[in-house]
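Participant: Structure, please.
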Amino acid sequence: MTDQDPADDRKYRAPALEKGLDVLELLSAQGQAMTPSQMSVTLGRSVSELFRMIQVLEFRGYIEQSPDGYRLTNRLFTLGMTQAPIKSLADVAMPAMRDLASATFQSCHLVVPSGDQIVVIARIESPGDLGYSVRIGYRRSILHATSGLMFYSRANERARAHLHSRLKAQFGPEAVEAFVERSLVMTQGDYVERASDFVKGVTDLVAPIMGADGVIATLITPFIEQAPMPCTKDEAAARLVRASMSISAHMGAVSQA
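Facilitator: Model prediction:
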């Protein structure tokens with residue numbers, strides 16, 4: 001006898017591998033450290049079942065211990081970055097990002113969607129004494145990120161429906177409908193401007209990078225007021241939009257003209 005689901009018609013199964021993948025996917029979805037006991041409850045598996053998987057994943061560098069439990073390292077992110085589309089996007093974007101940071105004296109980030117999250121795949125620090133940036137590999141729910149507004153409104157119809165379904169299952173219909181309304185209202189122009197909801201004094205300026213079939217990334221300037229101002233917020237936004245359009249053109253976006 002086996003505990004295989006009769007509806008599961010896969011020809012081959014690898015239970016140990018699936019347990020390890022369950023751990024990785026759980027930590028990615030949670031976005032925070034978890035103890036083996038918490039993983040056990042969430043996955044419906046015993047701690048003893050998961051113990052060996054956790055040890056192997058830690059040894060191979062996919063997860064690491066923290067004061068709050070185990071968390072993902074950047075190893076999966078690094079592997080993903082070697083894929084041709086992502087590598088090509090970063091290669092195309094970096095020169096424009098350097099020019100943008102140099103002209104505005106602000107940092108900038110390149111962000112892509114990853115399931116129902118956003119992830120930072122490249123950044124350029126401000127050339128001045130002041131600036132705000134987050135680490136490469138930083139993740140946040142699309143529902144809570146300024147970039148998420150663009151990823152929803154500028155997605156193609158199929159991608160938008162899929163994202164809507166995933167967010168609704170995770171956050172509930174009321175939160176998602178409020179998000180959708182904000183997205184459709186705030187993304188009417190070429191960029192979104194919104195005060196950061198977790199860092200005071202920072203204003204997120206976000207422009208979409210378009211491909212042939214919808215949005216593929218966003219370019220972000222986390223704008224900080226400085227004295228004296230080497231570049232105003234409006235000037236920074238205009239330069240941000242020009243940079244995003246230049247990257248979009250190189251990535252095969254269809255002209256709307």
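
Participant: after the helix or strand of the chain with the lowest mean pLDDT, next one along is what?
Facilitator: Least confident helix or strand of the chain, by mean pLDDT, DSSP states H and E, is helix 75-81 with a mean of 63. Sequence order places helix 84-104 as the next helix or strand after helix 75-81, per DSSP states H and E.

Participant: what residues does that following helix touch?
Facilitator: With contact meaning CB atoms under 8 Å, 6 or more residues apart in numbering, helix 84-104 is reached by 80-81, 106-108, 110, 112, 121-127, 209, 216-217, 219, 221, 223, 230-231, 235-236, 239-240, 243, 246-247, 250-251. C-beta: built from backbone N, CA, C; applies to glycine.

Participant: do stretch 65-76 as well
Facilitator: 24, 27-28, 32-36, 38-39, 54, 58, 60-64, 136-137.

Participant: give me that answer again for 10 Å
Facilitator: The contact list for stretch 65-76 (CB atoms under 10 Å, 6 or more residues apart in numbering) reads 23-24, 26-28, 30-39, 54, 57-58, 60-64, 80-81, 135-139.

Participant: Please compute how far that stretch lies from its chain's middle.
Facilitator: Chain-centre distance of stretch 65-76: 17 Å, with CA atoms, centre = their mean, to the nearest Å.

Participant: What is the helix or strand containing Glu25 packed up against?
Facilitator: Assigned by DSSP H and E, Glu25 belongs to helix 15-30. Helices and strands touching helix 15-30, by 3 or more CB pairs under 10 Å, 6 or more residues apart in numbering; DSSP states H and E, are helix 36-43, helix 47-59, strand 63-66, strand 69-72, helix 75-81.

Participant: Dump it to PDB, keeping only the CA atoms.
Facilitator: This file holds the C-alpha atoms of helix 15-30, laid out as PDB (Å, rounded to 0.1, in the frame of the first residue of the first chain):
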ATOM      1  CA  PRO A  15       9.200  11.600  -2.200                       C
ATOM      2  CA  ALA A  16      12.500  12.900  -0.700                       C
ATOM      3  CA  LEU A  17      13.000  15.400  -3.500                       C
ATOM      4  CA  GLU A  18       9.400  16.600  -3.100                       C
ATOM      5  CA  LYS A  19       9.900  17.200   0.600                       C
ATOM      6  CA  GLY A  20      12.900  19.300  -0.100                       C
ATOM      7  CA  LEU A  21      11.100  21.300  -2.700                       C
ATOM      8  CA  ASP A  22       8.100  21.700  -0.300                       C
ATOM      9  CA  VAL A  23      10.500  23.400   2.200                       C
ATOM     10  CA  LEU A  24      12.000  25.700  -0.400                       C
ATOM     11  CA  GLU A  25       8.600  26.700  -1.800                       C
ATOM     12  CA  LEU A  26       7.200  27.300   1.700                       C
ATOM     13  CA  LEU A  27      10.100  29.500   2.800                       C
ATOM     14  CA  SER A  28       9.700  31.500  -0.500                       C
ATOM     15  CA  ALA A  29       6.000  31.900   0.000                       C
ATOM     16  CA  GLN A  30       6.300  32.900   3.600                       C
END
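
Participant: How far does it sit from its chain's centre?
Facilitator: On CA atoms, centre = their mean, the centre of helix 15-30 falls 19 Å from that of its chain.

Participant: any idea which residue sits dead centre in the chain?
Facilitator: Ile118 (1.5 Å; CA atoms, centre = their mean).
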